[in-house]
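[1] fold the following.
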Amino acid sequence: MIQGCNVFLSLHRSEGFGFGPAESMAFEKIVISTDYGGTRDFVTPQTGYPVEYKLIPIKLGQYPYYQHQLWADPSIEQAAFYLKEVYDNFKISQEKAKQGRKLIITQHSFAAVGKKINSIFIDRGYL
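    Modelled structure (predicted):
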């Protein structure tokens, strides 16, 4: 499904690593994503379109253990602006997607993460 699209839009309230946006970037797709959670590590103005947000309290029934918790409320207006920006300046957006792919491969691919883990093991004397 990701390969069949031009843009991956992730207006999440909270995100772990952000596998959907990361996988999309690895396929050199344009990514528009809430600038909150794990996606902050790779969705930047150089690699995609990070969407501003406000932190809001989670309400009863919205999430387990909601008490005293916050999540992001992404700016729909900014996301819509970015969608129009992508449409109006598609070549620039494709260049961001290329930079996103490079970043994912060099910093978050299995090979890159494996090297980091191996280095940690060596530094700690496990290997």
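[2] tell me who's in contact with the closest residue in space to residue 109 that isn't next to it in sequence.
    Ranked by Cβ to Cβ, 6 or more residues apart in numbering and with sequence neighbours excluded, the top spatial neighbour of residue 109 is residue 26, at 7.5 Å. (Each C-beta comes from the backbone N, C-alpha and C, glycine too.) By Cβ atoms under 8 Å, 6 or more residues apart in numbering, the contact set of residue 26 is 101, 104-105, 109.
[3] redo that, cut-off 7 Å
    Going by Cβ atoms under 7 Å, 6 or more residues apart in numbering, residue 26 touches 101, 104-105.
[4] what about it, distance to residue 103?
    Per Cβ to Cβ, to the nearest Å, residue 26 is found 10 Å from residue 103.
[5] now swap in residue 67 and tell me
    Taking Cβ to Cβ, one finds residue 67 at 37 Å from residue 103.
[6] cool, residue 11 as well?
    21 Å.
[7] same deal with residue 30?
    Relative to residue 103, and taking Cβ to Cβ, residue 30 is found at 14 Å.
[8] ditto for residue 38
    Taking Cβ to Cβ, one finds residue 38 at 14 Å from residue 103.
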